[in-house]
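Engineer: mind folding the following:
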Amino acid sequence: MHGGPLFRMQPFSAVPARLLIAPQDLRTADATNAADIYGGRFLFSGHLVETQGRSPFELKAVHEDWQRELHSFGWLRDLRASDSQISRQNARALVEDWIRFSGRWHEIGWEAEVVTRRILSWLAHSPFILQDGDHEFYRSFVKSLARQVRFLRQTINETEDGVERLHGALAIASACISMAGQGRFARQSIRRLDQELTRQILPDGGHISRNPRALIDILADLLPIRQAFVSQGLEVPPAMVQSVDRMMPLLRFFRHGDGTLAHFNGMGSTPSDLVATILAYDDARGAPPSNAPHSGYQRLTGGASVVLIDTGPAPALNVSGNAHAGCLALEFSSGAHRLIVNCGVSPKSNPLWRRVSRSTAAHSTAVIEDTSSCRFLSDRPFGHILGAPILSGPSKVPVEREDDAAGSRVIASHDGYVAEFRVVHERDLRLAADGTVLDGVDTFRAVGPIDPEHQYALRFHLHPSLRSSLIRGGSAVLLVCRDGEAWEFEAPGNEVMLEESIYLSDVYGHRKTDQIVVNGLLNEAPSVSWQLRKTATAKLSRRGTSDFDEIEELEELPLEE
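Structural biologist: Residues are numbered from 1 along each chain as shown. The predicted structure follows:
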């Protein structure tokens, strides 16, 4: 009713007189793409399409993700970065093509999320697009922009809850302060943005989806809009100020020593340049917090070591579409080396890899009978149509924390396996104050009769940059970093195995790696003690290379899939 045929039939004459301000685009541009776009070569979402002299908006039967990126106009930043007359003319021509071919309707181009990204892109790059343009193009551009804002305003309540709806509120608010004559909509849009920020940003700065990536995406759009309020002499809404102040420390909370964010609940590869730009706006720049109780995460630090732990229940059904079954999963890093990781999220738009990445087995935690601790709608009939939110999972995740001179300790448990296996998984982690030893105990407490044949597997996925090998007759694993730093993993009294794994969150695609696995029967061995201990620091050879590099010269390790 709001965004369908009736919307398209409505007359529209409310054209703003002019644009007042252009919010900044914080995302990194690549000027080298401008030449490809001018030549009709569009590489989006891993798909290359050559238009052969036609407008890309005329093409049919092209991959949907490619079309979403095309219609979102994020590539305008690449044209702008080239800073040439040809790029400006090309940008105007493509905008005119979109207005002519898709300005009234397009099945993908008018999806709410795509409209949101296009509004923000057009506003941010409007000085570049409009420079040297005539009055007729200016009016056509502003009219189309206003029409898209009206569409988003009418359909925002029907968009997917969570980040997508918040982005919609941000786009509407940004348009209202950027276009003239929006006074009657401005108060309403600002009030709606305040409501969404208050509802979605938790007291500790996390997002209700529990996805660290949400912080990056929200701040990348929120910070320029906050600056636009200041530039216009308007009072910055209190919820906007509070949300930024809360999210900045938590963004630091999720960072490892190499600057990447931990792979929890939908976080993939880290856009390091964008994160660095966002953190430059952090006035406090203090140490990250040690825990995020509302978001459900804990952080242990000692020396150069960092341990991040997922200690939260499954998100609410309406915002769990990308959440993972990784309760009590951990990631461990030492300085710039990431050792234990989760598999992360695949950049490939593939339902199979999406299911794999969300399973418990893709996380560094305990798995019982290869069954995930959450149940997804995608596993049910019609799930492929309705999406894949979490139907059930851990709901009680009690957490205890101790910090003293000897180090930091976290004890947490979850009930995700109670319904099916009548077992509570408890994880006890202690990191020494100097960061050289991480001790862990995984316990499986029975809350009812247990099938004597049911097994568990403790999985510790390793970062693909490590060299791993079994030592001491298979009772321990040696991990060697590229600069010679070494760590040993052992689980006394248990057989330790080294199996294949895959790292999904590399910017270059999937990479082969290994995982440490400790198996056991729930009845016979309900508790496993293990330790990760640093055994050697970085050591360079006389030639200025590490021992690891010398080994690679003799035997190249195939890391790329």
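
Engineer: C-alpha only now, for contacts and for neighbours.
Structural biologist: OK.

Engineer: Q148 looks like it's in a helix, true?
Structural biologist: Yes. Assigned with DSSP: H, G, I helix; E, B strand; the rest coil, Q148 falls within a helix.

Engineer: for E331, helix, strand, or coil?
Structural biologist: E331 - assigned by three-state DSSP - is strand.

Engineer: please name the nearest non-neighbouring residue to R210.
Structural biologist: Closest residue to R210 apart from its sequence neighbours, by Cα to Cα, 6 or more residues apart in numbering: S295 at 6.0 Å.

Engineer: how far out from the middle of the chain is stretch 254-265?
Structural biologist: 10 Å (Cα atoms, centre = their mean, to the nearest Å).

Engineer: ok, back up a step: got the contact list for the residue nearest to R210?
Structural biologist: L202, D204, G205, G206, H207, I208, R210, G312 (Cα atoms under 8 Å, 6 or more residues apart in numbering).

Engineer: compare the residues you listed and tell me which has the most neighbours.
Structural biologist: R210 (29 neighbours; other Cα atoms under 10 Å).

Engineer: just to check, that one is in contact with N265?
Structural biologist: Yes. Because the distance of 6.4 Å satisfies Cα atoms under 8 Å, R210 is recorded as touching N265.

Engineer: shared neighbours of those two, anything?
Structural biologist: Common neighbours of R210 and N265 (Cα under 8 Å, 6+ apart) are A323.

Engineer: residue contacts, H294?
Structural biologist: With Cα under 8 Å, 6+ apart, H294 has these contacts: L202, P203, D204, G206.

Engineer: tell me the SS of it?
Structural biologist: coil.

Engineer: just to revisit the earlier point, just put the contacts of S295 in CSV and tack on pLDDT and distance to W122.
Structural biologist: CSV is the format used below for those (pLDDT from 0 to 100; distance: Cα to Cα, whole Å):
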residue, pLDDT, distance to W122
L202, 97, 30
D204, 96, 33
G205, 97, 29
G206, 97, 29
H207, 98, 27
I208, 98, 29
R210, 98, 30
G312, 97, 38
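
Engineer: quick one: low-confidence parts of the stretch 351-500 of the chain?
Structural biologist: 379-387 (pLDDT under 70).

Engineer: low pLDDT regions in this structure?
Structural biologist: For the chain, the ranges with pLDDT under 70 are 1-14, 349, 379-387, 540-561.

Engineer: what helix or strand is D439 on?
Structural biologist: strand 437-446 (DSSP states H and E).

Engineer: just to revisit the earlier point, where does the residue nearest to R210 fall, phi/psi-wise?
Structural biologist: Dihedral angles of S295 (phi, psi; degrees, to the nearest 10) stand at phi -80, psi -20.

Engineer: next: H324.
Structural biologist: According to degrees, to the nearest 10, H324 has phi -110, psi 160.

Engineer: if I read this right, it contacts R355, doesn't it?
Structural biologist: No. Here H324 does not reach R355: they are 9.2 Å apart, not a contact under Cα under 8 Å.

Engineer: neighbour-wise, which of these two wins?
Structural biologist: For H324 versus R355, neighbours defined as other Cα under 10 Å are more numerous around H324 (34 against 17).

Engineer: from A314, how far out is the more buried one?
Structural biologist: 8 Å (Cα to Cα, to the nearest Å).

Engineer: can you check I37 too?
Structural biologist: Here I37 is placed at a distance of 42 Å from A314 (Cα to Cα).

Engineer: could you find the closest non-adjacent residue to L145?
Structural biologist: With sequence-adjacent residues excluded and distances taken as Cα to Cα, 6+ apart, L145 is closest to I119, at 6.7 Å.

Engineer: make that Q531, sorry
Structural biologist: Here the residue nearest Q531, using Cα to Cα, 6+ apart, is D439, at 4.5 Å.

Engineer: what about that neighbour, how many residues close to it?
Structural biologist: The burial count for D439: 18, using other Cα under 10 Å.

Engineer: cool, and the one 4 residues further on?
Structural biologist: For T443, the neighbour count with other Cα under 10 Å is 20.

Engineer: bridging across strands, which residues link to it?
Structural biologist: E426, S527 (DSSP bridges).

Engineer: contacting residues for it?
Structural biologist: Contacts of T443 (Cα under 8 Å, 6+ apart): H425, E426, R427, P526, S527, V528.

Engineer: dump those to TSV, plus distance to G109.
Structural biologist: Compiled in TSV, the contacts of T443 are given as follows (distance: Cα to Cα, whole Å):
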residue	distance to G109
H425	46
E426	47
R427	47
P526	54
S527	54
V528	53
